[in-house]
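Asks: I'd like to go over a predicted model; first the sequence, then the structure.
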Amino acid sequence: MKKVLLLATICFFLQKIEAQPILSEREQSRVVDELLEERFNTILPQLMQRTNIDLWLIISREYNEDPVLRTMLPSTWLSARRTTMLVFYLNPISKQVEKFAIARYNVGKSIPAAWDMTKFPDQWDALVDLIKKKDPKKIGINISQDFGHADGLDHTHHELLLQKLPAQLKNRVVSATPLAVGWLETRTTREMQLYQKLVAITHEIIAEGFSSRVINPGVTTTDDLVWWFRQRVTSLGLTTWFHPSVSVQRSDTVNFEHLRSFSNRPENEVILPGDLLHVDFGITYLRLNTDIQQHAYVLRPGETDAPVYLKKAFATSNRLQDILTSQFKTGITGNEILKAAREQAIKEGIKPSIYTHPLGLHGHAAGPTIGLWDKQDGVPGSGDYPVYAHTAYSIELNSASFIPEWGKEVRIMLEEDGYFDGQTFRYIAGRQEKLRLINY
């Protein structure tokens, strides 16, 4: 009988997630390559003009890939090959980007090979010859102090490049940080259409995990639930970019500080009636990533809803989300957003902690950092980067509310994925506005 019920439950949720069907590997490959081609032809020319970098050079070694290069490889390439050199040149007349691979073979259908090995047995000589012919004003390379995503040129290749370039070209080498970050953070219309499905799938998996179909109060532990999330992702043919976490707040003497929630979280706690549950969970699909945090309340016997004091605490974090997202404006920095949001929240009597980050081709992605949990006065470097249109973010934050009934503070830690189009901010597939309820 238990097996029949389990199968019925699995079928129920598979049908539900089929509302956002997960493509076959072959179809995923096709979509990834189509998205990449579109990005090369539309986003890249605009960004090279915006940053005044007319030649972008990306060099990477197999199994030591530049984070940017990995986003440019065709879907069937799971790594670079030997030493892969990509050159992107903005033609000053056509304003289109010419793409070259200094390699033995084409890099997918988008980047043709441009290495005549009979003329240039040495790969570096072929690269320098191409750069000389294009005679760029600026040669952008991926070195960056503030963004690891844009710092992918390894020390060996950096030294070799500077040794090989003649003096007149060496003087034109600049950091490609604004171009690399722009490439990673800018979303296309089609990507955002797909993103809605990704976030919806993430929400559906959380709803399944935060249910009496998965949680048996008094028996199920937080580790059981964590591994259920990991297994669920795998069973659906998806992957995740980080290990999920599940935590508990309850009426006890434990103080739920940041270090406890981020690094000192107790393991294998038994989930009990009256618990406030929290999950941090995300998936990777079609090279895009989600990052969601939600809460659920385990009903006590006889309860039909969460206590009013928890619902009020939850509403406070929803209000903090509204305060933060209302600050988004093109050109304003992450630190400026953080400062304005915190000031408004504190003015309203909220005890805020904001640690929002960009989202896209990475989970903790490139773009303006809007606070870190341990840096609420601003983040030098990445926090000074401005907001641009067509970018996505994980609105990650918490508010602390004192609960007299528990004799302590409770943190409502929310994270929902959203998009800024240059004028307005919107949540990609809605947000949690009330506690999920788990029947006992």
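Replies: Structure received.

Asks: all contacts plus neighbour counts: C-alpha atoms, from now on.
Replies: Noted.

Asks: ok, and for the longest helix along the chain, which residues are buried?
Replies: Ordering each helix of the chain by length in residues (DSSP state H) puts helix 189-209 first. Residues of helix 189-209 classed as buried by neighbour count (16 or more other CA atoms under 10 Å): 191-192, 195-209.

Asks: can you list contacts of that helix?
Replies: For helix 189-209, the surrounding residues in contact (CA atoms under 8 Å, 6 or more residues apart in numbering) are 13, 16-17, 20, 35, 214-215, 225, 228-229, 232, 281-283, 285, 288-290, 292, 294, 417, 428-429, 436.

Asks: show the buried residues in these.
Replies: 17, 20, 214-215, 225, 229, 232, 281-283, 285, 288-290, 292, 294, 417, 428-429, 436.

Asks: quick one, helices of the stretch 301-440 of the chain?
Replies: For the stretch 301-440 of the chain, applying DSSP state H, counting those that start in this stretch gives helices covering 308-325, 334-347.

Asks: export the first one to CSV, keeping only CA atoms.
Replies: Just to be clear, that refers to helix 308-325. Presented in CSV, the C-alpha positions along helix 308-325 are these (Å, rounded to 0.1, in the frame of the first residue of the first chain):
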residue,chain,number,x,y,z
VAL,A,308,-0.2,35.5,13.6
TYR,A,309,3.2,36.5,15.0
LEU,A,310,5.0,34.4,12.3
LYS,A,311,2.7,35.8,9.6
LYS,A,312,3.5,39.3,10.7
ALA,A,313,7.3,38.6,10.7
PHE,A,314,6.9,37.1,7.2
ALA,A,315,5.1,40.2,6.0
THR,A,316,8.0,42.3,7.3
SER,A,317,10.4,40.6,5.0
ASN,A,318,8.1,41.0,2.1
ARG,A,319,8.0,44.7,2.9
LEU,A,320,11.8,44.7,2.9
GLN,A,321,11.8,43.1,-0.5
ASP,A,322,9.5,45.9,-1.8
ILE,A,323,11.8,48.6,-0.3
LEU,A,324,14.9,47.1,-1.9
THR,A,325,13.4,46.5,-5.4
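
Asks: how about residues contacting that helix?
Replies: Taking CA under 8 Å, 6+ apart as the rule, helix 308-325 contacts 337-338, 341, 344-345, 350, 352, 395, 397-401, 403, 410, 412-414, 425, 433-435.

Asks: select only the buried ones of these in ChimeraX?
Replies: Buried members of the contacts of helix 308-325 can be picked out in ChimeraX with the line below, counting by 16+ other CA under 10 Å:
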select :337,338,341,345,350,352,395,397,398,399,400,401,410,412,413,414,425,434,435
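
Asks: what residue ranges in the stretch 151-300 of the chain are flagged as low confidence?
Replies: For the stretch 151-300 of the chain, applying pLDDT under 70 flags the ranges 255-265.

Asks: where do the helices of it begin and end?
Replies: According to DSSP H, counting those that start in this stretch, the stretch 151-300 of the chain carries its helices in the segments 155-164, 167-170, 177-185, 189-209, 222-235, 258-262.

Asks: tell me how far the shortest one lies from the chain's centre.
Replies: Read it as helix 167-170. The chain centroid and the centroid of helix 167-170 are separated by 37 Å under CA atoms, centre = their mean, to the nearest Å.

Asks: mind listing what's buried along that helix?
Replies: Buried-residue list, helix 167-170, by 16+ other CA under 10 Å: Leu169.

Asks: distance from stretch 97-110 to the middle of the chain?
Replies: Worked out by CA atoms, centre = their mean, stretch 97-110 lies 27 Å from the chain centre.

Asks: typo on my end, stretch 81-99
Replies: 26 Å.

Asks: for that stretch, what does the pLDDT average out to?
Replies: The pLDDT scores in stretch 81-99 average 93.

Asks: quick check: buried residues in that stretch?
Replies: Here stretch 81-99 shows 81, 83-90, 96-99 as buried, counting by 16+ other CA under 10 Å.

Asks: tell me which of those residues fall in strands.
Replies: Thr83, Thr84, Met85, Leu86, Val87, Phe88, Tyr89, Leu90, Val97, Glu98, Lys99 (DSSP state E).

Asks: export those residues to TSV and append columns for distance to Gly381.
Replies: Putting these into TSV (distance: CA to CA, whole Å) gives the following:
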residue	distance to Gly381
Thr83	31
Thr84	29
Met85	28
Leu86	27
Val87	27
Phe88	26
Tyr89	28
Leu90	28
Val97	29
Glu98	31
Lys99	31
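
Asks: the residues you listed: which two are farthest apart?
Replies: Thr83 and Leu90 (23.1 Å; CA to CA).

Asks: low pLDDT regions in the stretch 1-150 of the chain?
Replies: 1-20.

Asks: and if we set it to 50?
Replies: 1-19 (pLDDT under 50).

Asks: and the helices in it?
Replies: Going by DSSP H, counting those that start in this stretch, the stretch 1-150 of the chain shows helices at 2-17, 25-38, 44-51, 67-70, 123-134.

Asks: okay if I get these as a markdown table plus distance to Phe328?
Replies: As requested, the helices of the stretch 1-150 of the chain are exported to a markdown table (distance: least, CA to CA, whole Å):
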| stretch | distance to Phe328 |
| --- | --- |
| helix 2-17 | 32 |
| helix 25-38 | 27 |
| helix 44-51 | 21 |
| helix 67-70 | 26 |
| helix 123-134 | 39 |
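
Asks: Gly182: which of these is closest?
Replies: Of all the helices of the stretch 1-150 of the chain, helix 44-51 comes closest under CA to CA, at 6.6 Å.

Asks: which residues touch the closest one?
Replies: Applying CA under 8 Å, 6+ apart, the contact partners of helix 44-51 are Asp54, Leu90, Lys95, Gln96, Val97, Pro178, Leu179, Gly182, Trp183.

Asks: and the residues you listed, which is closest to Thr330?
Replies: Gly182 (13.6 Å).

Asks: the domain parsing of the protein - what is it?
Replies: 25-184, 187-438 (automatic domain parsing).

Asks: centre of the chain to the shortest one, how far?
Replies: Which is domain 25-184. Distance, centroid of domain 25-184 to centroid of chain: 23 Å (CA atoms, centre = their mean).

Asks: what of the last one?
Replies: On the basis of CA atoms, centre = their mean, domain 187-438 sits 13 Å off its chain's mean C-alpha point.

Asks: what is the end-to-end distance of that domain?
Replies: 36 Å (CA to CA, to the nearest Å).
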